[in-house]
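K.L.:
I would like to see how this sequence folds:
(one chain, ligands or ions: 1)
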Amino acid sequence: MDAALKSLSYGASRPVPEAEPSLSVMRNDNDRVVASLAERRAETAALEVAEDATKDIARKPASATRVPEGIALARPSREEAEAAVRTLLRWAGDDPNREGLLDTPARVVKAYGQLFGGYDVDADALLERVFEEVEGYSDIVLVRDIPFYSHCEHHMVPFMGLAHIAYYPTKGVVGLSKLARVVDTFARRLQTQETMTAQIADVIESILKPRGVAVLVEAEHLCMAMRGVQKAGVSTITTQFRGAFREDASEQVRFLTLVRGGKA
Ligand SMILES: [Zn+2]
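P.N.:
Numbers count the residues shown, from 1 in each chain. Have a look, this model is predicted:
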């Protein structure tokens, strides 16, 4: 298992030259994190407003291709979902009728609305607004250290980490928080890290039509730390390189240098 993970990770085996000082690196600074947290709170509030789960049924996000139509059209009612949580509580060996658990099914179902809210977001639409005023800028745009929380599709246990995204714009750049929202959108679905990495690259490639896209995701999987092999602190790295980043190995080196730059 460790050997397999090591083969996925960069660092030791890959020589990384000094970063060129002329590069424009857009760091995910504190202001931006604060801004994106505020945005997330707004999104969360919006989700809470959508109390009637049946309202969500009609929305079919363009990039939610992994949600089978039959599922999207026949979501269970809130009551059915809460009953399912009570079943799982009994399966775990507890009593859903004891005081501490009485409101748990309702809370879990509400939390699912947030944790899996990505099914109802159209990731394509997030990228459709391009900032005109930076048209003409064609060098690399890199947003790194985008935090995310997701759930593995095998155990429905969290995995979390950081996503780093770079692209070479051809028709302008998008707001940096939009890339963070793209990450959130795919993270808030049941995922594998590999699929999520590819989906992020796919949507940027298809909407922004950049000269190249690079995505690196590093994550810790709690299903590995809490169950099974029980290895904590192991991180898995996945990458997707498209266009210039796929064709030119030196572009990959540049990307990895920028991602690692400024870190101890
Ligand atoms: Zn898992």
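K.L.:
The ion contacts on the stretch 101-250 of the chain?
P.N.:
Residues of the stretch 101-250 of the chain lying close to the ion (C-beta under 5 Å from the ion) are Cys152, His154, His155, Cys223. To be clear about C-beta, it is placed using only N, CA and C from the backbone, and glycine gets the same treatment.
K.L.:
Which members of these define the maximum pairwise distance?
P.N.:
Maximum pairwise distance among those (C-beta to C-beta): 6.8 Å, between His154 and Cys223.
K.L.:
For those two, indicate the residue with more neighbours.
P.N.:
Cys223 (16 against 11; other C-beta atoms under 10 Å).
K.L.:
Pretty sure that one sits in a helix.
P.N.:
Yes. Cys223 forms part of a helix when assessed by DSSP: H, G, I helix; E, B strand; the rest coil.
K.L.:
out of the residues of the stretch 101-250 of the chain next to the ion, who's nearest Thr238?
P.N.:
Of these, the one sitting nearest to Thr238 (C-beta to C-beta) turns out to be Cys152, at 13.0 Å.
K.L.:
correct me, but that closest one touches Phe159?
P.N.:
Yes. Counting by C-beta atoms under 8 Å, Cys152 touches Phe159, with 5.4 Å between them.
K.L.:
ranges for the helices of this protein?
P.N.:
2-8, 30-49, 69-73, 78-92, 104-115, 123-126, 176-187, 193-208, 222-226, 244-247, 249-260 (DSSP state H).
K.L.:
which of the ones you listed is buried the deepest?
P.N.:
Mean neighbours per residue, mean count of other C-beta atoms under 10 Å, is largest over the helices of the chain for helix 176-187, with a mean of 24.
K.L.:
As JSON lines, the helices of the chain with mean pLDDT and distance to Ile146 would be great.
P.N.:
Shown next, in JSON lines, are the helices of the chain (pLDDT from 0 to 100; distance: least, C-beta to C-beta, whole Å):
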{"stretch": "helix 2-8", "mean pLDDT": "39", "distance to Ile146": "19"}
{"stretch": "helix 30-49", "mean pLDDT": "45", "distance to Ile146": "8"}
{"stretch": "helix 69-73", "mean pLDDT": "69", "distance to Ile146": "27"}
{"stretch": "helix 78-92", "mean pLDDT": "97", "distance to Ile146": "30"}
{"stretch": "helix 104-115", "mean pLDDT": "97", "distance to Ile146": "18"}
{"stretch": "helix 123-126", "mean pLDDT": "90", "distance to Ile146": "13"}
{"stretch": "helix 176-187", "mean pLDDT": "95", "distance to Ile146": "5"}
{"stretch": "helix 193-208", "mean pLDDT": "95", "distance to Ile146": "10"}
{"stretch": "helix 222-226", "mean pLDDT": "85", "distance to Ile146": "19"}
{"stretch": "helix 244-247", "mean pLDDT": "97", "distance to Ile146": "18"}
{"stretch": "helix 249-260", "mean pLDDT": "95", "distance to Ile146": "11"}
